[in-house]
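S.K.: got a predicted model here, sequence first, then my questions.
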Amino acid sequence: MKRQVLVVGLGRFGASVATTLFNQGHEVMAIDQHDQRVQDVMSQVTYAVQADATNEAALRELGAANFDLAVVAAGTDIQSSLLSTVLLQRMGLQEVVARAQNEIHGLTLEKIGAHRIIYPEKEAGERLAHNISFPDVVDYMELGPGYGLSKFTVPPSAIGKTLEEADLGAGSSSGLTVLVIQRGNDVTLTPDRFERIQEGDILVVTGSDEQLERFEAPGNND
């Protein structure tokens, strides 16, 4: 579903959000107080405007209240982040997503009405830590403490085996569940246990960090 999205703050994070949403087909208005940041994304979003998102009159003049969703991407200027979030929430937007620098910032955003809080620095740090701990993991999303979705390249010892033989089938002792196999441009959802693993396959699995560590241990699939 294509949406109308307002992105407030065009630092590296905000600019990335705005241009990616636009490339996905959404209508995006991106605003920032700094003219150069606005100029940098001018051709990569629907509208790019130099404006003060802490000024209610400016937001109303831009029609902010008519957007489906707002992303308050400014994180370092906490005062501006909080004020922009309050104003957008008060205008009645269906969803206000706000970036937080830390837990206190996040709790404050939640108290003043942000519908969703994101911690990009924290999440990036967690992904890096998992990539270091588990070299085959190319991406990671935490679902709970010590438990998440892992996207990893299969170890050489698993190539040519079925998921069941590689201890990745339903009810396997590894405890990991394969949700997706990505093979080039082809994607197989919820593959059965007889699916044979090929060189270059990327698996998306769910399980605990401990289970993933045991599966990646040398010799586990020999």
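M.R.: It's in.
S.K.: hang on, isn't residue 53 packed against residue 14?
M.R.: No. Judged on C-beta atoms under 8 Å, residue 53 makes no contact with residue 14 at a distance of 10.8 Å. Backbone N, C-alpha and C define where each C-beta goes, glycine included.
S.K.: what do the two both touch?
M.R.: 8, 74 (C-beta atoms under 8 Å, 6 or more residues apart in numbering).
S.K.: doesn't residue 148 belong to a strand?
M.R.: Yes. Counting by DSSP: H, G, I helix; E, B strand; the rest coil, residue 148 is part of a strand.
S.K.: from what I see, it and residue 139 are in contact.
M.R.: No. Counting by C-beta under 8 Å, residue 148 stays clear of residue 139, with 10.1 Å between them.
S.K.: would you map out the domains in the chain?
M.R.: What automatic domain parsing lists as the domains of the chain is 4-118, 123-216.
S.K.: highest mean neighbour count out of the ones you listed?
M.R.: Most buried of the domains of the chain, by mean neighbour count (mean count of other C-beta atoms under 10 Å): domain 4-118, with a mean of 19.
S.K.: that domain - what's its average pLDDT?
M.R.: What domain 4-118 shows for mean pLDDT is 93.
S.K.: number the residues from 687 up from this point.
M.R.: Sure, I'll start counting at 687 from here, so that last one is domain 690-804.
S.K.: compute the first-to-last residue distance for that domain.
M.R.: 20 Å (C-alpha to C-alpha, to the nearest Å).
S.K.: can you list the residue ranges for helices in this protein?
M.R.: Ranges of helices in the chain, per DSSP state H, are 698-709, 721-727, 742-747, 764-776, 789-797, 806-819, 895-902.
S.K.: and the contacts of the second one?
M.R.: Okay, so that is helix 721-727. Identification of contacts with helix 721-727 by C-beta under 8 Å, 6+ apart yields 696-697, 701, 704-705, 716-718, 734-736.
S.K.: now the two most distant members of those residues.
M.R.: 705 and 736 (17.1 Å; C-beta to C-beta).
S.K.: distance of residue 779 from residue 798?
M.R.: Residue 779 sits 13 Å away from residue 798, going by C-beta to C-beta, to the nearest Å.
S.K.: again with residue 738
M.R.: Taken as C-beta to C-beta, the span from residue 738 to residue 798 is 19 Å.
S.K.: do the same with residue 857
M.R.: Residue 857 is 47 Å from residue 798, by C-beta to C-beta.
S.K.: do the same with residue 714
M.R.: Residue 714 is 24 Å from residue 798, by C-beta to C-beta.
S.K.: can you report how many residues lie near the residue nearest to residue 754 when sequence neighbours are not counted?
M.R.: The shortest distance from residue 754 to any non-neighbouring residue, by C-beta to C-beta, 6 or more residues apart in numbering, is to residue 689 (4.4 Å). If you count neighbours by other C-beta atoms under 10 Å, residue 689 ends up with 15.
S.K.: now do the contacts for residue 689.
M.R.: 712-713, 754-755 are the contacts of residue 689 under C-beta under 8 Å, 6+ apart.
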